[in-house]
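# any chance you could fold what I've pasted below:
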Amino acid sequence: MRIGMFSDSYRPYVSGVVRSIESFAGELRRRGHAVAIFAPSYPGHREDEPDVYRFRSVRAPSNPEFSLALPFAPHLTRRARELALDVIHVHSPFLMGRLGARLARRLGVPVVFTHHTLYDEYVHYVPFTPPQVTRRLTVHWVRSFANRCDLVIAPSQPVEARIRAQGVTRPIRVIPTGIDPDALAAGDPGWLSREWATKPGDPVLLYVGRLAREKNLEFLLEAMALILPKVPRAWLVLAAGGPDRERLEARARALGVAGRVIMTGFLPHERVIDAYAGADLFVFASQTETQGLVIAESMAAGLPVVAVSASGVTDLVRDGIDGYLTPHDVPTFVERVLELLSNKERRDRMAAEARRRAAELSVARMTDRLLQAYADAGAEHAQAQGPTAVG
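Sure thing, here's the model as predicted:
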């Protein structure tokens, strides 16, 4: 099969969407399928991956780390015909996603849309517009786009329910992003202590992701302020970079925890795997996740999870079995963290359960489901007797 993937972000940018594309594209290629990726360009990036087609871009005014593609390419249709694409898989309902969908219409091939993000929860990145107005417009825009695709992929069941409630009527398949459990279990547990200030034996609470407002990281800093009086050797490692770093550093200083908080900046994935290996618990407070891919990764590395119960997280963490789900309440969250830090037997038991749960999300299994989704989209497309129009 020949697949074209269109995304508003890709390497070297770091995000769950990028990890999803990397994971699925890698496994599809290993199976002999051809995958072409269409994405923005990034200043200074040297391409080291075949079949990646870059579009000129500009920096996003509200997030300079994010590039906005200029979705204009006079020769795109000709190039796509040369690639003989069988299906177009879009990973955004915006710039590159709409370009990919229009191309699918021209080529007469099915279009699949993965609803990676709770887009209406990210309206704080849109300047000059009241959030409530932007939220309504965003829901309408995404719903309209999804309903003109042949098939929609939701990364979790809560996302499926949410977009159904928002009016998406097209067929939906729930397919989480797959992970490589073996690779994630093979990290270097000594890397954190060698590269940063932690010492062997110090309890390490780990977050992986982005330093961004929607990740609710101030909650983790407030939790750390209550944990340190009880466990003064504890560390909070934020293996992340992002636009909110300066504000979070200031908040950590105000709370008196800055000396026990490490912000690593963006890390290559092999170093993220090492960070998992050197931690004791994975902590997560975001309430805007569609899947929480980093939670699945941390579980594969054998980390029990303490997370705020929210969409995208509840599909992964089984409360009391491989971690704890808490309300959005700092003292309750802290209580669960302290319980696990003080009970190694329970922590080890949950770690074993976490590994078993993560094995169910292997990239091989999820790619099987993705290929079936492509086949379903093709059948849906054929039944409609023509390409689905997306304008």
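# for T290, give me the pLDDT.
The model reports T290 with a pLDDT of 76.
# give me the helices and strands touching the longest helix along the chain, please.
Longest helix in the chain, counting residues (DSSP state H): helix 363-383. Identification of packing neighbours for helix 363-383 by 3 or more CB pairs under 8 Å, 6 or more residues apart in numbering; DSSP states H and E yields helix 16-30, strand 87-90, strand 111-114, strand 151-154, strand 172-174. Every residue, glycine included, has its C-beta placed from N, CA and C.
# among the ones you listed, which is nearest E353?
strand 172-174 (22.0 Å; CB to CB).
# what is the closest one packed up against?
Counting contacts by 3+ CB pairs under 8 Å, 6+ apart, strand 172-174 is packed against strand 151-154, helix 157-165, helix 363-383.
# I'd like the next helix or strand past that strand.
helix 181-184 (DSSP states H and E).
# then the one helix or strand in the chain whose mean pLDDT sits lowest to PDB, C-alphas only?
Across the helices and strands of the chain, the lowest-confidence element by mean pLDDT, DSSP states H and E is strand 63-69, at a mean of 83. What follows is strand 63-69, C-alpha atoms only, in PDB (Å, rounded to 0.1, in the frame of the first residue of the first chain):
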ATOM      1  CA  ASN A  63       4.500  29.600  19.800                       C
ATOM      2  CA  PRO A  64       7.800  30.300  18.000                       C
ATOM      3  CA  GLU A  65       8.800  26.700  18.200                       C
ATOM      4  CA  PHE A  66       5.900  25.700  16.000                       C
ATOM      5  CA  SER A  67       6.100  26.200  12.200                       C
ATOM      6  CA  LEU A  68       3.000  27.000  10.100                       C
ATOM      7  CA  ALA A  69       3.200  25.400   6.700                       C
END
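# pLDDT (mean, whole number) over the very next helix or strand once past that strand?
Later in the chain than strand 63-69, the nearest helix or strand by DSSP H and E is helix 76-83. Averaged across helix 76-83, the pLDDT comes to 92.
# quick one: which of the helices and strands packed on helix 363-383 is nearest A197?
Short answer: helix 16-30, nearest of those by CB to CB, at 27.4 Å.
# picking up where we left off before, would a markdown table of the helices and strands packed on helix 363-383 with mean pLDDT be doable?
Below are the helices and strands packed on helix 363-383 laid out as a markdown table (pLDDT from 0 to 100):
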| stretch | mean pLDDT |
| --- | --- |
| helix 16-30 | 95 |
| strand 87-90 | 98 |
| strand 111-114 | 98 |
| strand 151-154 | 96 |
| strand 172-174 | 96 |
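# per-domain residue ranges of this protein.
The chain breaks down by automatic domain parsing into domains covering 2-178+362-383, 181-359.
# can you put those domains in JSON lines and add mean neighbour count?
Below are these laid out as JSON lines (neighbours: other CB atoms under 10 Å):
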{"stretch": "domain 2-178+362-383", "mean neighbour count": "18"}
{"stretch": "domain 181-359", "mean neighbour count": "19"}
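# check those domains for me: which has the lowest mean pLDDT.
domain 2-178+362-383 (a mean of 91).
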